[in-house]
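>>> Predicted model, plus sequence, below.
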Amino acid sequence: MLSLTVKRMRRSRHRAVATFDDADELFVLPRPLRRAVRFLVSLGSGRISIPAHTGTVSAVAFLAATGFYGMSLGGHTQTVAQATTTAVGFAIEDVKVSGNDQTSEIEILQLLGLDGTTSLVALDVDAARKKIATLPWVENVEVRKVYPRTVEVKLRERQAYAIWQHGSELSLIEKNGSVIAPLRDNKFAALPLFVGRDAETAAASVVDEFAQWPDIRSRIKAFVRIAGRRWDVYLDNGIVVKLPEDNVQQAMAQLSKMNRQNDLLQRDIAAVDLRLEDRTTIELTPDAAIRRQAAVDNRTKALTKAGQST
């Protein structure tokens, strides 16, 4: 880089003229170097004082930065942070779970992965929430840190509406037909049973159809879906009510009327067929059919004997 020499110029009303004169010339540094040179000169002359222990602090900071960089490259940052915060009193000692009825607290603790030395500071609540949300009964979950040593887990669980039998499997379902979990015990035995393909998705609509017929609804044990179009309803005494594909309300009104007038559903019958609008067909049980046939035969004999005697 070239250095320029300029002559000191006298102030006048006329225009200043720069000349290259060996006498009375000054050396001018390039602009980027001037500040650095001034700092070095001031440092050397003692006009700038350096605080005590600056070198020590700088060395420690450099080593710490190097250590953190090495931990980051090796993937040990989380481990070191957890060990450090646990040592100073942030180890998780209490987990408070609320809103759980069907979800076990043990399942939640296992998903949190607590081992007695887990640090509250290092706990990833978003990851914990996502893990707990995978449990079958959990509809919504909130995980919160309560310093210094507590984790709060608040659940909202799904509600079992009915039991769905598909093949040989039994599952608990919500009102919208979503499967919650397999049925494992008799805790939900009082729930209505829906059987067949697509029965789970149509469950809520058919139950609503029986809302205004509580005397019959209370006796229903199972709804069986037939060909994905209509329902057979099984009562608690074994009678099967065959409903039509359409006009279920009309069919139920007819059934309720017959039951009030003749105690139809208390009789020894096997089925009530309501599929045809203009007629109702009653199917007897085998024993009732035998008794009825015997009664018919006796009546025929009696009529025959009476005819012969006359």
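Good, I have the coordinates. Please read these numbers as outputs of a predicted model, since none were measured by experiment.
>>> for the nearest residue to residue 193 once chain neighbours are set aside, what are its contacts?
Distances taken as C-beta to C-beta, 6 or more residues apart in numbering place residue 222 nearest to residue 193, at 4.2 Å, with adjacent residues excluded. C-betas here are computed from N, CA, C, even on glycine. For residue 222, the contacting residues are 192, 193, 194, 195, 233, 234, by C-beta atoms under 8 Å, 6 or more residues apart in numbering.
>>> and this protein, what are its domains?
Each domain of the chain is listed here as a residue range: 83-157, 162-289, per automatic domain parsing.
>>> Tell me which of those approaches residue 37 most closely.
Shortest distance between residue 37 and the domains of the chain, using C-beta to C-beta, is found for domain 83-157: 44.8 Å.
>>> tell me the mean pLDDT for that closest one?
Taken as a whole, domain 83-157 has a mean pLDDT of 86.
>>> With stretch 229-236 instead?
For stretch 229-236, mean pLDDT rounds to 94.
>>> Dump that stretch to CSV, restricted to CA.
What follows is the C-alpha trace of stretch 229-236 in CSV, where atoms were taken according to Å, rounded to 0.1, in the frame of the first residue of the first chain:
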residue,chain,number,x,y,z
ARG,A,229,-78.7,-51.7,6.5
ARG,A,230,-81.0,-52.5,9.5
TRP,A,231,-81.0,-53.8,13.0
ASP,A,232,-82.1,-56.9,15.0
VAL,A,233,-82.6,-56.0,18.6
TYR,A,234,-82.1,-58.7,21.3
LEU,A,235,-84.1,-58.2,24.6
ASP,A,236,-83.1,-59.5,28.0
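>>> if we can go back for a sec, can you add neighbour count and secondary structure and give the contacts of residue 222 back as CSV?
As requested, the contacts of residue 222 are arranged in CSV below (neighbours: other C-beta atoms under 10 Å; DSSP: H, G, I helix; E, B strand; the rest coil):
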residue, neighbour count, secondary structure
192, 17, coil
193, 19, strand
194, 27, strand
195, 19, strand
233, 23, strand
234, 19, strand
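>>> Which member of the residues you listed is positioned nearest residue 165?
In terms of C-beta to C-beta, no member of the contacts of residue 222 lies closer to residue 165 than residue 195, at 4.5 Å.
>>> how long is stretch 224-233 from one end to the other?
For stretch 224-233, the first-to-last residue distance is 6 Å (C-alpha to C-alpha, to the nearest Å).
>>> Give the residue spans of the stretch 151-300 of the chain that score low on pLDDT.
Of all residues in the stretch 151-300 of the chain, those with pLDDT under 70 make up the ranges 288-289, 292, 294-297.
>>> hmm, try it at 90
Segments of the stretch 151-300 of the chain classed as low confidence (criterion: pLDDT under 90) are 167-168, 184-186, 197, 205-215, 267-268, 277-279, 284-300.
>>> Done for today, thanks.
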